[in-house]
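1. quick check, what structure comes out for this input:
(one chain, ligands or ions: 1)
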Amino acid sequence: MTADPFTRWRDLVLSARSRRYEAGRDLAFWQTKAADYDDSQPALPNTVRWLSQQLRGAQSLLEVGAGTGRLLLPLAEGVPHVTALDYSPEMLARLQAKAPPPNVKTVCCPLQDAPAHVPPHDAALSAWSLAYQPDLRSALNTIRQLSRERFYLLEDDGIGSPHVQLRRSLAGNPKPGRATLLREALRALSWEYGVQHITEQRELILPNTPALLALTRLPLLENEVLDALEPYLTRQGAGWRYRWTFEVTVLTVSALIRADLGAVQ
Ligand SMILES: C[S@@+](CC[C@H](N)C(=O)[O-])C[C@H]1O[C@@H](n2cnc3c(N)ncnc32)[C@H](O)[C@@H]1O
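-> Okay, here's the model as predicted:
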């Protein structure tokens, strides 16, 4: 019998060799990653556009795990009160260094403690911030508690790039996708939600073939790597332009308690 989505999520989180499910290790990771986080992440213009439309009329927005503000700062242009919550002081320092407008407030605390520090906002957002939370049920309940009307969960199934997809299929041990598990968890909770898939593009410029091979870390010969990734590669001088599209899954969850569903815990 397949385990329930919360157990499968927990098993997935606890399978991480990095042990970032221990808060101290995750915080140490973000301490060193903060400086190059923005450069290592793709821009998400289509996701920002979609969310901005959805947030029209909202008076307040809370992002839990806001990081450097990649999503929150552009969204703050359309929402009067915005709170960026994160437990990594280094990530929030990067956000602050971008001189956010006065309607953006930062709060440095773990999601688990947030209800003691932050009032409910009209909308809440969690984008790739639950990946190392073993107790998904508790994390979702906390986000719901902080949302007056609705919240948005952004995730993907971890197969964003062609080389990671290929590496996983060669290894033959596909892990369950986080976006899929989140949907199953919401269903298990009987929470009302909608699903949106948003296509984004990623482009990397690699100065030469060794750099491409180092990035892809595929257990294949050079010509096999080039063959497999051929649809995504364009020659650029001595190197390559490597471009692909990937999908962001947005789950929009209603935080309103419907009489026919009863109070959902
Ligand atoms: C992958 S980054 C995503 C940042 C941002 N949402 C984005 O999409 O660019 C995850 C962020 O969540 C934060 N985070 C992870 N677990 C957290 C927790 N329990 N409480 C508060 N922040 C947390 C990390 O510090 C990190 O800044």
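2. which helix or strand contains E224?
-> According to DSSP states H and E, E224 maps onto helix 222-228.
3. need the residues that contact the helix or strand that that helix is followed by.
-> Counting by DSSP H and E, the element after helix 222-228 in chain order, helix or strand, is strand 233-236. Contacts to strand 233-236, defined as CB atoms under 8 Å, 6 or more residues apart in numbering, come from residues I205, L212, L226, W240, R241, Y242, R243. C-beta coordinates here come from the backbone N, C-alpha and C atoms, glycine included.
4. which strands and helices lie in contact with the helix holding E224?
-> helix 209-216 (3 or more CB pairs under 8 Å, 6 or more residues apart in numbering; DSSP states H and E).
5. if you count contacts, what does the helix it packs on end up packed against?
-> Helix 209-216 packs on helix 162-171, strand 193-206, helix 222-228, strand 239-254, going by 3+ CB pairs under 8 Å, 6+ apart.
6. pLDDT of the shortest one, averaged?
-> What helix 222-228 shows for mean pLDDT is 95.
7. quick check: the farthest pair among the contacts of strand 233-236?
-> I205 and L226 (16.2 Å; CB to CB).
8. just say helix, strand or coil for the closest residue to the ligand within the stretch 151-265 of the chain.
-> Residue of the stretch 151-265 of the chain nearest the ligand, by CB to the nearest ligand atom: L154 (6.9 Å). Here L154 is strand, with the state taken from DSSP: H, G, I helix; E, B strand; the rest coil.
9. which one of the contacts of strand 233-236 is nearest D38?
-> When those are compared against D38 (criterion: CB to CB), the nearest one is I205, at 16.8 Å.
10. what residues does the closest one make contact with?
-> Q236, G239, W240, R241, Y242.
11. the helices in this protein, which residues?
-> For the chain, the helices defined by DSSP state H cover 5-14, 23-40, 45-54, 72-75, 89-97, 136-145, 162-171, 178-189, 209-216, 222-228.
12. if we can go back for a sec, how far does the helix holding E224 sit from the chain's center?
-> 30 Å (CA atoms, centre = their mean, to the nearest Å).
13. centroid residue for this structure?
-> W128 (1.9 Å; CA atoms, centre = their mean).
14. low-confidence bits of this protein, can you list those?
-> Scanning the chain for pLDDT under 70 picks out 1, 158-159, 173-174, 257-265.
15. what residues does it have near the ligand?
-> 30, 41, 65-67, 70-71, 86-88, 91, 110-111, 127-129 (CB under 6 Å from any ligand atom).
16. go with 5 Å
-> 30, 65, 67, 70, 86-88, 91, 110-111, 127-129 (CB under 5 Å from any ligand atom).
17. got TSV for these, with distance to T216 too?
-> TSV is the format used below for these (distance: CB to CB, whole Å):
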residue	distance to T216
W30	25
G65	28
G67	26
R70	24
D86	31
Y87	32
S88	29
M91	27
P110	35
L111	34
A127	26
W128	22
S129	27
